[in-house]
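> How does the following fold in three dimensions:
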Amino acid sequence: MARTALVVGASGIVGGATAALLGQRGWTVHGLARRPVAQDGVRPLAADLTDAAGTRAALAGLRPNAVFVTTWARQDSEAENIRVNGAMVRNLLDALPRPDAPRHVALVTGLKHYLGPFEAYGQGMLPQTPFREEQGRLDVANFYYAQEDELFAAAKRDGFSWSVHRPHTVIGKAVGNAMNMGTTLAVHATLCRAAGRPFVFPGSAAQWHGLTDMTDAGQLAAHLLWAAETDAAHDQAFNIVNGDVFRWQWMWQRIADWFGVEAVPFDGTVRPLAEQMADDAPRWAAIAAEHGLVEPDLHRLASPWHTDADLGRPIEVVADMSKSRRLGFTGYRATDDSFVELFERLRADRIIP
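Numbering: from 1, shown residues only. Now for the predicted structure:
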């Protein structure tokens, strides 16, 4: 395979990690985003995927051997999520010329494939955990399914291979990202320390006591590249998690210890971060000014709504990785190390003090 890649959503958590890994492995990397940011070794492309003509113009003449789709646009309803995000994948793949050499397209979705969309998150009849790829789709509208259908149709039309990657909650660095638990918890813990208030677990009993797992952005990037370069992984869907499991009652204390705050265990009452952080924007702006931080806008760093959705699930959630293991993917990350590495990077980049 020649080594030219297009990373769609290159400024996000997953896209940024994927672009960085590809560059380290010697690929020529084009990074597409609505508002590209400077990234070492990445050639920026600006496009809004909801604009078919603009996307076609931005990608004119580009003939990538691998395409990594790592972005989505949150809408007010699942019907709009389906319409908009399905169209984004369709516009992207329609804009690329029919490949004259082997091409692989990898699509990142997630465990909402098994849990349902946010409108019906963790409700109704759900498949058994650990989630396995053969469990298939729920009988409910879901924008992940619409994205997959656009991918499958384009692959059949144009003759490229594909893979679908379903991470659990992703740990990694990005600013302005809609789903960012790691940075949300880092900002929340920093606010708690500054105000002398306890670090209160916001979620459910099921999450506090049950087993769970997560996905490091670097682990996901390695999985994306592995699938692109491994013939046996083509035309397959995969779960991708770190490979360890933990309970939040253990992880919450470890995060609190890193920030030097008092960890408050779950006491039977759900205390969502959206409520705990509701009045914190001015406090964060003051902390940013005091310490010379690069982002004073709390809303560009923290996504409490998403963290509440994950930590408030009424069921234990773990994903099975056997399919990837059988085909040769051996990547592993310890999730507590993933959090610590993220926190150290956020501090080094002056995002948290």
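> drop to CA atoms for contacts and neighbour counts, all remaining ones
Noted.
> Could you find the closest non-adjacent residue to residue 254?
residue 336 (7.6 Å; Cα to Cα, 6 or more residues apart in numbering).
> quick one: residue 224 and residue 162, what's the gap?
For residue 224, the distance to residue 162 equals 11 Å [Cα to Cα, to the nearest Å].
> Repeat that for residue 337.
Distance from residue 337 to residue 162, counting by Cα to Cα: 31 Å.
> out of the two, which sits in the busier spot?
residue 162 (25 against 11; other Cα atoms under 10 Å).
> and the more buried one, what helix or strand is that in?
If you go by DSSP states H and E, residue 162 is part of strand 161-167.
> continuing past that strand, what's the next helix or strand?
strand 170-171.
> list the helices and strands that next one packs on?
If contacts are counted by 3 or more Cα pairs under 8 Å, 6 or more residues apart in numbering; DSSP states H and E, strand 170-171 sits against helix 13-24, helix 181-195, strand 215-216, helix 335-348.
> just to revisit the earlier point, which residues are in contact with each of residue 224 and residue 162?
residue 106 (Cα atoms under 8 Å, 6 or more residues apart in numbering).
> would you list every one of the strands in the protein?
4-8, 28-33, 42-46, 66-69, 104-108, 161-167, 170-171, 199-200, 211-212, 215-216, 236-240, 246-247, 263-264 (DSSP state E).
> Kindly reformat these as a markdown table and extend each row with mean pLDDT.
Shown next, in a markdown table, are the strands of the chain (pLDDT from 0 to 100):
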| stretch | mean pLDDT |
| --- | --- |
| strand 4-8 | 97 |
| strand 28-33 | 96 |
| strand 42-46 | 96 |
| strand 66-69 | 98 |
| strand 104-108 | 98 |
| strand 161-167 | 98 |
| strand 170-171 | 96 |
| strand 199-200 | 96 |
| strand 211-212 | 96 |
| strand 215-216 | 98 |
| strand 236-240 | 98 |
| strand 246-247 | 98 |
| strand 263-264 | 93 |
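> residues in contact with residue 108?
68-71, 164-167.
> let's see it at 10 Å
14-15, 68-72, 144, 147-148, 163-167, 220, 224, 237-238, 240 (Cα atoms under 10 Å, 6 or more residues apart in numbering).
> For beta bridges, what are the partners of it?
As for beta bridges, residue 108 partners with residue 165 under DSSP bridges.
> separation between it and residue 7?
For residue 108 relative to residue 7 (Cα to Cα), the value is 11 Å.
> Residues in contact with both of those two, list them for me.
Counting by Cα under 10 Å, 6+ apart, the residues touching both residue 108 and residue 7 are 14-15, 68-71.
> If you rank those by neighbours, which is first?
Among the shared contacts of residue 108 and residue 7, residue 14 has the most neighbours (other Cα under 10 Å), with 30 neighbours.
> For residue 91, which non-adjacent residue is spatially closest?
residue 52 (5.1 Å).
> contacting residues for the nearest residue to residue 241 once chain neighbours are set aside?
Sequence neighbours aside, residue 215 is the residue nearest to residue 241 in space, at 4.4 Å (criterion: Cα to Cα, 6+ apart). Residues near residue 215 by Cα under 10 Å, 6+ apart: 166-172, 239-244, 332-335, 338.
> Distance check, residue 215 against residue 147.
Counting by Cα to Cα, the gap from residue 215 to residue 147 is 21 Å.
> What of residue 269?
Distance from residue 269 to residue 147, by Cα to Cα: 37 Å.
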